[in-house]
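Enquirer: structure for the following, please:
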Amino acid sequence: MQKRIMLNPYLVKEFVAVTSKCNFDIDVASNNRYYVDAKSIIGVLGLDMSVPLTVSYNGYNEELENFLRAHARAC
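Expert: Residues are numbered from 1 along each chain as shown. Here you go, the predicted model:
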């Protein structure tokens with residue numbers, strides 16, 4: 001599953017905290033070129049946050065879905 005979101009540096013800590021609770025892999029891509037582990041705060045902070053980020057995952061976590069819905073951007 002893929003979702004597009006917008007983050008800013010202040011939301012990264014919350015995003016990583018939510019993704020760290022998931023027992024499945026989650027990747028985040030910037031410009032569909034740079035992929036990082038969504039559970040890595042350093043990795044996520046290194047992405048270009050001026051563009052929508054693509055979150056890719058295979059699993060379900062209600063807290064993650066709520067976060068992604070709250071910060072969703074149209075494709």
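Enquirer: my read is that Met6 contacts Val55, right?
Expert: No. Look at Met6 against Val55 with CB atoms under 8 Å: they stay out of range, at 11.1 Å. In this view, the C-beta of every residue, glycine as well, is placed from N, C-alpha and C.
Enquirer: tell me the mean pLDDT for the longest helix anywhere in the chain?
Expert: Under DSSP state H, the helix in the chain containing the largest number of residues is helix 9-20. For helix 9-20, the mean pLDDT works out to 97.
Enquirer: and that helix, what does it pack against?
Expert: Secondary-structure packing of helix 9-20 (3 or more CB pairs under 8 Å, 6 or more residues apart in numbering; DSSP states H and E): helix 41-45, helix 62-70.
Enquirer: most packed of those helices?
Expert: helix 41-45 (a mean of 16; mean count of other CB atoms under 10 Å).
Enquirer: what are the contacting residues of it?
Expert: Contact with helix 41-45 is made by Leu7, Pro9, Val12, Lys13, Phe15, Val16, Val28, Val36, Asp37, Ala38, as judged by CB atoms under 8 Å, 6 or more residues apart in numbering.
Enquirer: closest to Ser50 among those residues?
Expert: Leu7 (10.3 Å; CB to CB).
Enquirer: once you drop chain neighbours, what's closest to the closest one?
Expert: In space, Leu7 comes closest to Met49 once its chain neighbours are excluded; the distance is 5.3 Å by CB to CB, 6 or more residues apart in numbering.
Enquirer: just Met6 next, same as before
Expert: If you skip the residues right next to it in sequence, Met6 has Arg73 as its closest partner in space, 5.0 Å away by CB to CB, 6+ apart.
Enquirer: check contacts around that neighbour.
Expert: Counted by CB under 8 Å, 6+ apart, Arg73 has contacts Arg4, Ile5, Met6, Pro52.
Enquirer: circling back: please dump the helices and strands packed on helix 9-20 into CSV; it should also carry mean pLDDT for every row.
Expert: Below are those laid out as CSV (pLDDT from 0 to 100):
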stretch, mean pLDDT
helix 41-45, 97
helix 62-70, 97
